[in-house]
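Student: Got a sequence here, can you model it:
(one chain, ligands or ions: 2)
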Amino acid sequence: MKTISLIVPVYNEEATIEVFLNETFVFYNNSINKSKYLLEIVFINDGSKDSTLSLLIENFSKYNNIHIVDFSRNFGKENALFAGLSYAKGDIVIPIDVDLQDPLIVISEMLTKYEEGFDVVLAKRIDRNSDSFLKRISANLFYDLYNSLVDVKLESNVGDFRLMDKQVVEEILKLKENQLFMKGLFNWVGFKTTIVEYTREERIAGSTKFNFLKLFKLALDGITSFSNFPLKLFLYFGLIIAVFSIVFGLKIIIEKIFFGISEHGYASLITAITFIGSIQLIGIGILGEYIGRIFLEVKQRPKFIVKKYYTK
Ligand code: UDP
Ligand code: MG
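Tutor: Ligands and ions are numbered 1, 2, ... in the order given. Modelled structure (predicted):
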(Lines give C-alpha, C1' and ligand atoms only; values in the text may rest on other atoms or scores of the structure.)
(Ligands and ions follow the chains in the order given, each with its own letter.)
Protein backbone atom coordinates (compact mmCIF):
# COMPACT_ATOMS: atom_id res chain seq x y z
CA MET A 1 0.00 0.00 0.00
CA LYS A 2 1.34 3.42 -0.97
CA THR A 3 -0.03 6.83 -0.07
CA ILE A 4 -0.40 9.62 -2.60
CA SER A 5 -0.16 13.13 -1.12
CA LEU A 6 -1.82 15.88 -3.10
CA ILE A 7 -0.28 19.25 -2.19
CA VAL A 8 -2.83 22.01 -2.72
CA PRO A 9 -1.89 25.64 -1.99
CA VAL A 10 -4.96 27.85 -1.66
CA TYR A 11 -5.27 31.61 -1.51
CA ASN A 12 -8.79 33.11 -1.52
CA GLU A 13 -10.27 30.03 -3.16
CA GLU A 14 -13.74 29.80 -1.58
CA ALA A 15 -15.22 29.39 -5.08
CA THR A 16 -13.18 26.33 -6.04
CA ILE A 17 -12.60 24.14 -2.95
CA GLU A 18 -15.91 22.24 -2.96
CA VAL A 19 -15.69 21.42 -6.67
CA PHE A 20 -12.05 20.41 -6.29
CA LEU A 21 -12.81 18.00 -3.45
CA ASN A 22 -15.85 16.47 -5.16
CA GLU A 23 -13.94 15.93 -8.39
CA THR A 24 -10.92 14.56 -6.55
CA PHE A 25 -12.95 11.99 -4.59
CA VAL A 26 -14.87 10.93 -7.72
CA PHE A 27 -11.56 10.56 -9.54
CA TYR A 28 -10.00 8.57 -6.69
CA ASN A 29 -13.01 6.24 -6.42
CA ASN A 30 -13.30 5.58 -10.14
CA SER A 31 -9.81 5.80 -11.61
CA ILE A 32 -7.32 4.79 -8.92
CA ASN A 33 -6.61 1.25 -7.82
CA LYS A 34 -7.63 1.49 -4.16
CA SER A 35 -5.94 -1.73 -3.19
CA LYS A 36 -2.63 -0.14 -4.18
CA TYR A 37 -2.97 3.53 -3.34
CA LEU A 38 -4.31 5.55 -0.42
CA LEU A 39 -4.95 9.27 -0.82
CA GLU A 40 -4.23 12.23 1.46
CA ILE A 41 -4.85 15.87 0.61
CA VAL A 42 -2.66 18.54 2.21
CA PHE A 43 -4.14 22.02 1.84
CA ILE A 44 -1.93 24.99 2.56
CA ASN A 45 -4.07 27.99 3.38
CA ASP A 46 -1.79 30.82 2.23
CA GLY A 47 -3.32 33.63 4.30
CA SER A 48 -6.73 33.66 2.60
CA LYS A 49 -8.98 36.57 3.53
CA ASP A 50 -12.26 34.98 2.39
CA SER A 51 -14.06 31.92 3.80
CA THR A 52 -11.44 29.46 2.44
CA LEU A 53 -10.28 28.35 5.90
CA SER A 54 -13.76 27.71 7.31
CA LEU A 55 -14.64 25.71 4.17
CA LEU A 56 -11.47 23.68 4.61
CA ILE A 57 -12.17 23.04 8.30
CA GLU A 58 -15.71 21.89 7.44
CA ASN A 59 -14.29 19.32 5.05
CA PHE A 60 -11.52 18.42 7.48
CA SER A 61 -14.11 17.27 9.99
CA LYS A 62 -16.01 15.33 7.29
CA TYR A 63 -13.08 13.35 5.88
CA ASN A 64 -10.17 11.55 7.49
CA ASN A 65 -7.61 12.14 4.79
CA ILE A 66 -7.61 15.96 4.68
CA HIS A 67 -4.91 17.99 6.45
CA ILE A 68 -4.67 21.76 6.63
CA VAL A 69 -1.53 23.83 7.11
CA ASP A 70 -2.79 27.29 7.98
CA PHE A 71 -0.24 30.08 7.39
CA SER A 72 -0.14 33.19 9.59
CA ARG A 73 -0.31 35.35 6.42
CA ASN A 74 0.14 35.15 2.65
CA PHE A 75 3.65 33.85 1.96
CA GLY A 76 3.11 33.13 -1.75
CA LYS A 77 2.65 29.93 -3.71
CA GLU A 78 6.34 28.97 -3.74
CA ASN A 79 6.53 28.94 0.06
CA ALA A 80 3.17 27.20 0.31
CA LEU A 81 4.46 24.42 -1.93
CA PHE A 82 7.57 24.00 0.20
CA ALA A 83 5.40 23.78 3.31
CA GLY A 84 3.26 21.20 1.54
CA LEU A 85 6.30 19.07 0.80
CA SER A 86 7.40 19.17 4.41
CA TYR A 87 3.97 18.22 5.77
CA ALA A 88 3.18 15.49 3.21
CA LYS A 89 3.44 11.97 4.60
CA GLY A 90 2.90 10.12 1.32
CA ASP A 91 5.25 7.87 -0.66
CA ILE A 92 4.25 9.82 -3.76
CA VAL A 93 3.82 13.59 -3.73
CA ILE A 94 1.87 15.59 -6.34
CA PRO A 95 1.48 19.40 -6.14
CA ILE A 96 -1.74 20.41 -7.88
CA ASP A 97 -3.73 23.66 -8.32
CA VAL A 98 -7.12 23.83 -6.61
CA ASP A 99 -8.70 25.43 -9.70
CA LEU A 100 -8.44 22.10 -11.61
CA GLN A 101 -6.43 23.71 -14.40
CA ASP A 102 -4.25 20.64 -13.92
CA PRO A 103 -6.68 17.82 -14.87
CA LEU A 104 -6.88 14.99 -12.32
CA ILE A 105 -6.92 12.35 -15.02
CA VAL A 106 -3.24 13.12 -15.76
CA ILE A 107 -2.47 11.57 -12.35
CA SER A 108 -3.40 8.12 -13.72
CA GLU A 109 -0.82 8.48 -16.48
CA MET A 110 1.73 9.71 -13.94
CA LEU A 111 1.14 6.63 -11.80
CA THR A 112 1.64 4.35 -14.77
CA LYS A 113 5.03 5.96 -15.38
CA TYR A 114 5.84 5.76 -11.66
CA GLU A 115 5.10 2.05 -11.72
CA GLU A 116 7.47 1.74 -14.67
CA GLY A 117 10.20 2.99 -12.34
CA PHE A 118 10.43 6.75 -12.81
CA ASP A 119 11.07 8.91 -9.72
CA VAL A 120 9.71 12.11 -11.26
CA VAL A 121 6.92 12.48 -13.80
CA LEU A 122 6.53 15.98 -15.25
CA ALA A 123 3.20 17.14 -16.65
CA LYS A 124 3.88 19.19 -19.75
CA ARG A 125 1.28 21.56 -21.18
CA ILE A 126 1.06 20.96 -24.90
CA ASP A 127 -1.83 23.34 -25.36
CA ARG A 128 -1.82 26.65 -23.51
CA ASN A 129 -4.77 28.17 -25.32
CA SER A 130 -6.49 28.75 -21.98
CA ASP A 131 -3.65 31.17 -21.10
CA SER A 132 -3.55 34.69 -22.52
CA PHE A 133 -1.37 35.47 -25.55
CA LEU A 134 0.91 37.67 -23.45
CA LYS A 135 1.34 34.92 -20.86
CA ARG A 136 2.31 32.35 -23.50
CA ILE A 137 4.80 34.65 -25.23
CA SER A 138 6.42 35.71 -21.96
CA ALA A 139 6.56 32.08 -20.77
CA ASN A 140 8.44 31.05 -23.91
CA LEU A 141 10.83 33.98 -23.53
CA PHE A 142 11.45 33.00 -19.93
CA TYR A 143 12.26 29.35 -20.72
CA ASP A 144 14.62 30.38 -23.55
CA LEU A 145 16.45 32.89 -21.37
CA TYR A 146 16.59 30.60 -18.33
CA ASN A 147 17.90 27.65 -20.32
CA SER A 148 20.54 29.75 -22.06
CA LEU A 149 21.90 30.88 -18.66
CA VAL A 150 21.38 27.96 -16.30
CA ASP A 151 23.21 24.62 -16.55
CA VAL A 152 20.41 22.40 -15.21
CA LYS A 153 17.86 23.00 -17.98
CA LEU A 154 14.14 23.39 -17.29
CA GLU A 155 11.67 21.49 -19.44
CA SER A 156 9.53 24.21 -21.03
CA ASN A 157 5.81 24.46 -20.26
CA VAL A 158 6.07 22.32 -17.14
CA GLY A 159 4.56 23.91 -14.05
CA ASP A 160 4.52 22.70 -10.47
CA PHE A 161 2.13 19.87 -11.39
CA ARG A 162 4.29 16.74 -11.29
CA LEU A 163 4.68 13.44 -9.49
CA MET A 164 7.64 12.98 -7.16
CA ASP A 165 8.83 9.99 -5.22
CA LYS A 166 9.30 10.53 -1.48
CA GLN A 167 13.10 10.38 -1.86
CA VAL A 168 13.05 13.31 -4.31
CA VAL A 169 10.96 15.33 -1.85
CA GLU A 170 13.37 14.55 0.98
CA GLU A 171 16.28 15.88 -1.08
CA ILE A 172 14.38 19.09 -1.91
CA LEU A 173 13.60 19.60 1.77
CA LYS A 174 17.34 19.59 2.55
CA LEU A 175 17.91 22.73 0.46
CA LYS A 176 18.49 25.63 2.82
CA GLU A 177 17.72 28.73 0.75
CA ASN A 178 14.64 30.68 1.76
CA GLN A 179 14.03 32.59 -1.47
CA LEU A 180 12.24 29.86 -3.30
CA PHE A 181 11.85 29.19 -6.98
CA MET A 182 10.23 25.78 -6.67
CA LYS A 183 10.30 24.82 -10.33
CA GLY A 184 14.05 25.31 -10.31
CA LEU A 185 14.54 23.39 -7.06
CA PHE A 186 12.34 20.48 -8.18
CA ASN A 187 14.47 20.30 -11.28
CA TRP A 188 17.84 20.84 -9.63
CA VAL A 189 17.72 17.66 -7.52
CA GLY A 190 17.52 15.50 -10.65
CA PHE A 191 16.44 11.80 -10.45
CA LYS A 192 15.01 9.57 -13.17
CA THR A 193 12.50 11.78 -14.95
CA THR A 194 9.92 11.40 -17.68
CA ILE A 195 7.11 13.50 -19.15
CA VAL A 196 3.41 13.11 -19.74
CA GLU A 197 1.55 15.66 -21.86
CA TYR A 198 -1.76 17.37 -21.17
CA THR A 199 -3.97 20.25 -22.19
CA ARG A 200 -4.25 23.06 -19.67
CA GLU A 201 -7.90 23.59 -18.72
CA GLU A 202 -9.73 26.81 -17.89
CA ARG A 203 -10.12 27.70 -14.23
CA ILE A 204 -13.30 26.06 -12.81
CA ALA A 205 -14.24 29.21 -10.85
CA GLY A 206 -12.69 32.25 -9.19
CA SER A 207 -9.86 34.21 -10.78
CA THR A 208 -6.09 33.97 -11.20
CA LYS A 209 -3.88 35.24 -8.38
CA PHE A 210 -0.94 35.93 -10.67
CA ASN A 211 -0.79 39.23 -12.52
CA PHE A 212 1.93 40.10 -15.00
CA LEU A 213 4.06 41.89 -12.41
CA LYS A 214 4.00 38.89 -10.04
CA LEU A 215 5.00 36.56 -12.88
CA PHE A 216 7.80 38.91 -13.93
CA LYS A 217 9.11 38.91 -10.36
CA LEU A 218 8.94 35.12 -10.26
CA ALA A 219 10.87 34.89 -13.54
CA LEU A 220 13.53 37.28 -12.21
CA ASP A 221 13.77 35.27 -8.97
CA GLY A 222 14.13 32.10 -11.01
CA ILE A 223 17.03 33.40 -13.05
CA THR A 224 18.87 35.17 -10.22
CA SER A 225 18.47 32.07 -7.99
CA PHE A 226 20.14 29.79 -10.45
CA SER A 227 22.54 31.88 -12.53
CA ASN A 228 25.13 34.57 -11.88
CA PHE A 229 25.65 35.24 -15.56
CA PRO A 230 23.84 38.63 -15.39
CA LEU A 231 26.61 39.76 -13.01
CA LYS A 232 29.34 38.72 -15.42
CA LEU A 233 27.53 40.32 -18.34
CA PHE A 234 28.71 43.73 -17.15
CA LEU A 235 32.31 42.70 -17.16
CA TYR A 236 31.93 41.81 -20.84
CA PHE A 237 29.99 44.99 -21.58
CA GLY A 238 32.65 47.03 -19.79
CA LEU A 239 35.46 45.37 -21.74
CA ILE A 240 33.77 45.89 -25.10
CA ILE A 241 33.00 49.54 -24.36
CA ALA A 242 36.56 50.11 -23.07
CA VAL A 243 38.08 48.72 -26.28
CA PHE A 244 35.65 50.78 -28.32
CA SER A 245 36.53 54.01 -26.48
CA ILE A 246 40.29 53.41 -26.78
CA VAL A 247 39.94 52.98 -30.54
CA PHE A 248 37.71 56.05 -30.72
CA GLY A 249 40.19 58.07 -28.62
CA LEU A 250 43.08 57.07 -30.88
CA LYS A 251 41.06 58.11 -33.90
CA ILE A 252 40.51 61.59 -32.42
CA ILE A 253 44.23 61.97 -31.56
CA ILE A 254 45.30 60.92 -35.05
CA GLU A 255 42.76 63.27 -36.60
CA LYS A 256 44.00 66.14 -34.43
CA ILE A 257 47.70 65.56 -35.22
CA PHE A 258 47.37 64.96 -38.94
CA PHE A 259 44.26 66.84 -40.01
CA GLY A 260 43.73 69.51 -37.34
CA ILE A 261 40.68 69.62 -35.00
CA SER A 262 37.61 68.44 -36.81
CA GLU A 263 34.10 69.61 -35.95
CA HIS A 264 32.33 67.28 -33.52
CA GLY A 265 28.65 67.67 -32.82
CA TYR A 266 26.98 67.44 -29.43
CA ALA A 267 24.68 64.67 -30.61
CA SER A 268 27.35 61.97 -30.58
CA LEU A 269 28.62 63.21 -27.21
CA ILE A 270 25.19 63.14 -25.57
CA THR A 271 24.44 59.73 -27.04
CA ALA A 272 27.67 58.32 -25.66
CA ILE A 273 27.04 59.78 -22.20
CA THR A 274 23.45 58.56 -21.97
CA PHE A 275 24.33 55.15 -23.38
CA ILE A 276 27.14 54.53 -20.93
CA GLY A 277 25.06 56.07 -18.13
CA SER A 278 22.20 53.71 -18.75
CA ILE A 279 24.49 50.69 -18.97
CA GLN A 280 25.93 51.67 -15.59
CA LEU A 281 22.49 52.03 -14.08
CA ILE A 282 21.43 48.60 -15.36
CA GLY A 283 24.66 47.20 -13.94
CA ILE A 284 24.02 48.74 -10.53
CA GLY A 285 20.44 47.44 -10.73
CA ILE A 286 21.61 43.89 -11.34
CA LEU A 287 24.14 44.17 -8.51
CA GLY A 288 21.30 45.39 -6.31
CA GLU A 289 19.18 42.41 -7.29
CA TYR A 290 21.86 39.97 -6.11
CA ILE A 291 22.83 41.94 -3.01
CA GLY A 292 19.12 42.03 -2.15
CA ARG A 293 19.01 38.26 -2.38
CA ILE A 294 22.11 37.89 -0.21
CA PHE A 295 20.60 40.35 2.28
CA LEU A 296 17.41 38.29 2.55
CA GLU A 297 19.27 34.98 2.73
CA VAL A 298 21.67 35.96 5.54
CA LYS A 299 18.78 36.92 7.78
CA GLN A 300 17.75 33.25 7.77
CA ARG A 301 14.10 34.01 8.37
CA PRO A 302 11.78 31.01 8.13
CA LYS A 303 10.17 30.32 4.75
CA PHE A 304 6.70 30.42 6.29
CA ILE A 305 4.92 30.55 9.64
CA VAL A 306 2.25 27.98 10.44
CA LYS A 307 -0.51 29.35 12.64
CA LYS A 308 -2.17 25.97 13.04
CA TYR A 309 -1.80 22.47 11.62
CA TYR A 310 -5.06 20.54 11.36
CA THR A 311 -4.49 16.78 11.22
CA LYS A 312 -6.02 13.57 12.54
N1 UDP B 1 -1.86 30.47 -4.70
C2 UDP B 1 -1.32 30.52 -3.41
N3 UDP B 1 -0.74 31.68 -2.96
C4 UDP B 1 -0.67 32.81 -3.73
C5 UDP B 1 -1.19 32.76 -5.05
C6 UDP B 1 -1.77 31.56 -5.50
O7 UDP B 1 -1.37 29.52 -2.69
O8 UDP B 1 -0.13 33.82 -3.26
C9 UDP B 1 -2.49 29.21 -5.20
C10 UDP B 1 -3.89 29.37 -5.76
O11 UDP B 1 -4.86 29.34 -4.77
C12 UDP B 1 -3.98 28.18 -6.72
C13 UDP B 1 -2.55 28.05 -7.22
O14 UDP B 1 -1.71 28.73 -6.28
O15 UDP B 1 -4.34 26.97 -6.09
C16 UDP B 1 -2.37 28.63 -8.62
O17 UDP B 1 -2.82 29.96 -8.64
P18 UDP B 1 -3.59 30.60 -9.88
O19 UDP B 1 -4.61 29.63 -10.41
O20 UDP B 1 -4.11 31.92 -9.45
O21 UDP B 1 -2.42 30.79 -10.92
P22 UDP B 1 -2.45 30.56 -12.51
O23 UDP B 1 -3.00 29.18 -12.73
O24 UDP B 1 -3.35 31.63 -13.04
O25 UDP B 1 -1.04 30.71 -12.93
MG1 MG C 1 -4.83 28.56 -12.07
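
Student: quick one: low-confidence parts of this protein?
Tutor: 261-267 (pLDDT under 70).

Student: now the helices for the chain?
Tutor: 17-31, 52-62, 77-87, 106-115, 133-149, 166-173, 182-188, 212-226, 229-259, 266-298 (DSSP state H).

Student: count of neighbours near Val189?
Tutor: 19 (other C-beta atoms under 10 Å). Where C-beta positions appear, they are placed from N, C-alpha and C, glycine not excepted.

Student: Just give me the neighbour total for the closest residue to it other than its chain neighbours.
Tutor: Leaving out its chain neighbours, the residue that sits closest to Val189 by C-beta to C-beta, 6 or more residues apart in numbering is Glu171, at 4.5 Å. Glu171: 16 surrounding residues under other C-beta under 10 Å.

Student: pretty sure Glu171 is touching Trp188, no?
Tutor: No: between Glu171 and Trp188 there is no contact under C-beta atoms under 8 Å: 9.2 Å.

Student: Just give me how far stretch 224-242 sits from the chain centre.
Tutor: A distance of 24 Å separates the centroid of the chain from that of stretch 224-242, by C-alpha atoms, centre = their mean, to the nearest Å.

Student: Please see if stretch 301-312 touches ligand 1.
Tutor: No: residues of stretch 301-312 are not located near ligand 1 by C-beta under 6 Å from any ligand atom, the shortest gap being 10.9 Å.

Student: State the distance from the residue nearest to Val189 to Phe237.
Tutor: 37 Å (C-beta to C-beta, to the nearest Å).

Student: Check Gly285 too.
Tutor: Going from Gly285 to Phe237 by C-beta to C-beta gives 13 Å.

Student: quick one, which of those two is more surrounded?
Tutor: Neighbours of Gly285 and Phe237, each counted by other C-beta under 10 Å, are more numerous for Phe237; the result is 15 against 10.

Student: Need the nearest residue in space to the more buried one, chain neighbours excluded.
Tutor: Ile279 (5.9 Å).

Student: give me the number of residues near that neighbour?
Tutor: 14.

Student: Over to Asp46?
Tutor: Count around Asp46 with other C-beta under 10 Å applied: 25.

Student: Next: Phe25.
Tutor: Phe25, neighbours per other C-beta under 10 Å, totals 14.

Student: Contact residues of the stretch 101-250 of the chain facing ligand 2?
Tutor: Listed as neighbours of ligand 2 in the stretch 101-250 of the chain under the rule C-beta under 5 Å from the ion: Gln101.

Student: go again using 8 Å as the cut-off
Tutor: Counting by C-beta under 8 Å from the ion, the positions of the stretch 101-250 of the chain adjacent to ligand 2 are 101, 203, 208-210.

Student: out of those residues, who has the most neighbours?
Tutor: Neighbour counts for these peak at Gln101, which has 18 neighbours (criterion: other C-beta under 10 Å).

Student: How about the residues of this protein by ligand 1?
Tutor: 9-11, 13, 46, 74, 76-77, 80, 97-99, 101, 208-210.

Student: if we can go back for a sec, will you turn the residues of the stretch 101-250 of the chain next to ligand 2 into JSON lines that also has distance to Ile32?
Tutor: Below are those laid out as JSON lines (distance: C-beta to C-beta, whole Å):
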{"residue": "Gln101", "distance to Ile32": "20"}
{"residue": "Arg203", "distance to Ile32": "24"}
{"residue": "Thr208", "distance to Ile32": "29"}
{"residue": "Lys209", "distance to Ile32": "29"}
{"residue": "Phe210", "distance to Ile32": "30"}
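
Student: out of those residues, who's nearest ligand 2?
Tutor: The closest of those to ligand 2 turns out to be Gln101 (C-beta to the ion; 4.3 Å).

Student: so what's the nearest residue to the closest one once chain neighbours are set aside up against?
Tutor: The shortest distance from Gln101 to any non-neighbouring residue, by C-beta to C-beta, 6+ apart, is to Glu201 (5.2 Å). Applying C-beta atoms under 8 Å, 6 or more residues apart in numbering to Glu201 gives the contacts 100-103, 130.

Student: No further questions, thank you.
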